[in-house]
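For reference, the sequence and a predicted model appear below.
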There are 2 protein chains.
Amino acid sequence: MRKVAIIGVGSSKFGVRNDVNVAELAFEAFKPSVEDAGITPKDIEFVAVGSTGAGAWYEELLPAVVSAEYCGLTGAGLMRCEAACASGSAAFTAAYWTVASGQAEIALALGVEKMREIDTPTMMEWIGRAGYYLWEFHNFGLTFPAYYALYATAHMAKFGTTEEDLALVAVKNHKYASMNPIAHLRNKITVDDVLSSMVIAAPLKLFDCCPVTDGAASIILASEEKVRELKIDTPVWVAGIGYASGTANLSKRLDYVGLEAAVSASQMAYRIAKTSPDQIDVAVVHDCFTIAEIMAYEDLGFCKKGEGAKLIREGQTEIGGKIPVNVDGGLKAKGHPIGATGCSMIYELTKQLREETVERERQAPMKNYAALAHNVGGTGHYCYVTILRR
Amino acid sequence: MRKVAIIGVGSSKFGVRNDVNVAELAFEAFKPSVEDAGITPKDIEFVAVGSTGAGAWYEELLPAVVSAEYCGLTGAGLMRCEAACASGSAAFTAAYWTVASGQAEIALALGVEKMREIDTPTMMEWIGRAGYYLWEFHNFGLTFPAYYALYATAHMAKFGTTEEDLALVAVKNHKYASMNPIAHLRNKITVDDVLSSMVIAAPLKLFDCCPVTDGAASIILASEEKVRELKIDTPVWVAGIGYASGTANLSKRLDYVGLEAAVSASQMAYRIAKTSPDQIDVAVVHDCFTIAEIMAYEDLGFCKKGEGAKLIREGQTEIGGKIPVNVDGGLKAKGHPIGATGCSMIYELTKQLREETVERERQAPMKNYAALAHNVGGTGHYCYVTILRR
């Protein structure tokens, strides 16, 4: 497998973006990424677009075509990748393989999602379909907060995790989002704010849930030869990608205190990258709900099973702690534009590894220059774990 | 780049498949493919699913998850690939890169599409969105037959192609579909049948258009090492994949007598496979409308620009002619389940290259054991060209 580096990254402002259509939103992320890489759109040979809601919750059926065209990429090879909420990581993986296999020298992963064109109840119905529609949706009427509430309840019952522990995740992630100009929710909140917010699916309350966000992120990948040719100062190398899928039939899950797919995907990524959890300097994890971040600590091996709550209680996942997590605000507060999230994670880690995070108080200290992204689709229906190294 | 072979193929029956859901339809193609390869589902490390209409014209938002689970593939890496009507080829390409890059030894491309769950006018509206919805659909109200009618009119005006020439394509493809048990439309038709059928978008008539079809096809890919280990008798090698995209804004097209993306994609495929059009023994091309097959002859270099009609008139694209094309019945008569078509093309070519087409009268004679698949998304918004060799 050829070595592949990230040579340019860009992100749009996340939030309610009714001011732009999907192609304009994609361009807002793409433009800074080509400038960052010091290339032109014509240098890009293949484009993988991450987007989930095409034709379902926003009207363009072919977002890859219209986004690529708006970015001046017409002519390049093109596909759209979908892996539910991990669609951005699927696109990143496809772009990575294009270069790793030797088919292309420069490829682009472009994650983009418009989620605010329809009303929230309709949006919730659509996201509820991101399981097995025939098995679960008709029979049980579960929506996504309810799926994760099952996990929260089980984790609390088995390990003594409390509602306050969940709230601490939200407080931490809002704190970092308040420093991140591209984040959707920039207000600092307290544990009391979380505990007193409206119950969505007990024990999860409004502030335990990520917002419904529009956004885009753009990542340019290149071969080692191109990195040399372009004289890239700070290439960030893809050290390994792991992936796995999990059952969509929740009655088949072994337990409700972790995601099997996340465990498998991370073990695969550590093996390929020849590294281990204690070597990671900074991580972004899929905190669509606060409980998801606590389970991620455990699934990724940042602590033992059942000790996730202890990690957040001790402040170990803040800057200065053992393993800073979601110092961009996470899905919880930066926002979760479904098809963009995976690319947005890579955007953040690239900035962190280059130590060029503008807001210095959220720059993680680097020891091994290794970073990890954990992107889940559905309730562990998909998982992609990516390890980067400088 | 590592060498990659096709080691197993399977197809569902194409047609109106209200008897099965999307997962059951996928399984119908998957089961014979694992049997063909002599492996078990657990041997498959990565799955790329081609499907376009998820959440739009059929209700499952995550067809990759439910299809993979139904096939016993839970645990494997997973993504869905979309490239409009070339989604099957996008999935094939992603699965190919997984193995070519060295990430996996065995990968699966699974194309599946349910298109008959909704009424035809709604279906037509959806397919009409497969351009730039904001630019073209609202303003001009063009649906897909109308897009291709623009091309037919231009080709007739510039090169003297006639309605009878277009009809000959339909007659040929129905003839071969009549011999193919998995085809959707198995009736033989005459030039008069085509000319007297209902006008859809002049000059295209009902029998110039492919049907709306449900179907699935499954392709298993493996590394050279795995081919040896599994003692595969007749591996079919992927010699090269070319791809390109074209503008979604039809006013920007240079002309209306061919598809630029198809020309670029085929030149790339020939270059990578180190071959040329005259070396190809059999081809499947994207005949969503009869004019599309005639343009494909020219775009792929099987004849000079403007001489496509001559090729069909002379019978050169039938068995016994210079280059047999769509001897499975093509999209026109075998059917066009959008996300499955690209994989279905590879299915047919694999059988042809192995010389195991059961209906001997549609087995193309092999000289160089080289075959080509041409899969277009939209009106040349996407194109993938794949060259296989035994």
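On my side now, so go ahead. Note that the structure is predicted; figures quoted are calculated from it, not measured.

Burial check on residue A:30, number of neighbours?
For residue A:30, the count of nearby residues is 30 (other CB atoms under 10 Å in any protein chain shown). (Glycine included, C-beta is placed from N, CA and C.)

and for the strand or helix carrying it, what are the contacting residues?
Element membership for residue A:30 (DSSP states H and E) is helix A:22-37. Identification of contacts with helix A:22-37 by CB atoms under 8 Å, 6 or more residues apart in numbering or on different chains yields A:7-13, A:17, A:20, A:40-41, A:44, A:49, A:51, A:58, A:60, A:63, A:66-67, A:69-71, A:108, A:110-112, A:114, A:214-220, A:222, A:230, A:232, A:340, A:343.

mind running it again at 7 Å?
Residues outside helix A:22-37 that contact it (CB atoms under 7 Å, 6 or more residues apart in numbering or on different chains): A:7-12, A:17, A:20, A:40-41, A:58, A:60, A:63, A:66-67, A:70-71, A:110, A:112, A:114, A:214, A:216-220.

With just CA atoms, put that helix into CSV.
Extracted in CSV, the C-alpha atoms of helix A:22-37 (Å, rounded to 0.1, in the frame of the first residue of the first chain):
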residue,chain,number,x,y,z
VAL,A,22,-25.6,22.4,-1.0
ALA,A,23,-23.1,23.3,-3.8
GLU,A,24,-22.3,26.7,-2.3
LEU,A,25,-21.9,25.1,1.2
ALA,A,26,-19.4,22.5,-0.3
PHE,A,27,-17.5,25.3,-2.0
GLU,A,28,-17.1,27.2,1.3
ALA,A,29,-15.1,24.2,2.6
PHE,A,30,-13.4,23.3,-0.7
LYS,A,31,-11.9,26.7,-1.4
PRO,A,32,-9.7,27.0,1.7
SER,A,33,-8.6,23.3,1.2
VAL,A,34,-7.1,23.9,-2.3
GLU,A,35,-5.5,27.1,-1.1
ASP,A,36,-4.1,25.2,1.9
ALA,A,37,-2.7,22.5,-0.4
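
rewinding a little: quick check: which of the contacts of helix A:22-37 are also close to chain B?
Counting by CB under 7 Å from any CB of the partner chain, A:60, A:66 from the contacts of helix A:22-37 sit close to chain B.

Give the helix, strand or coil label for residue A:380.
Three-state call for residue A:380 (DSSP: H, G, I helix; E, B strand; the rest coil): coil.

Repeat that for the one 4 residues further on.
Reduced to three states with three-state DSSP, the structure at residue A:384 is strand.

Touching, it and residue A:84? I think so.
No. Residue A:384 lies out of contact with residue A:84 (CB atoms under 7 Å); the separation is 10.8 Å.

Looking at those two, which one has more neighbours?
Between residue A:384 and residue A:84, residue A:384 has the larger neighbour count (other CB under 10 Å), namely 33 against 27.

tell me the contacts of the more buried one?
Going by CB under 7 Å, 6+ apart, residue A:384 touches A:83, A:86, A:89, A:90, A:93, A:241, A:243, A:265, A:342, A:375.

Weed out the non-buried ones from the contacts of helix A:22-37.
Those of the contacts of helix A:22-37 that meet the buried threshold are A:7-12, A:17, A:20, A:41, A:58, A:60, A:63, A:66-67, A:70-71, A:110, A:112, A:114, A:214, A:216-220, by 16 or more other CB atoms under 10 Å in any protein chain shown.

Just the ones in helices from those residues, please.
Under the assignment DSSP state H, the buried ones among the contacts of helix A:22-37 contribute A:63, A:66, A:67, A:70 to helices.
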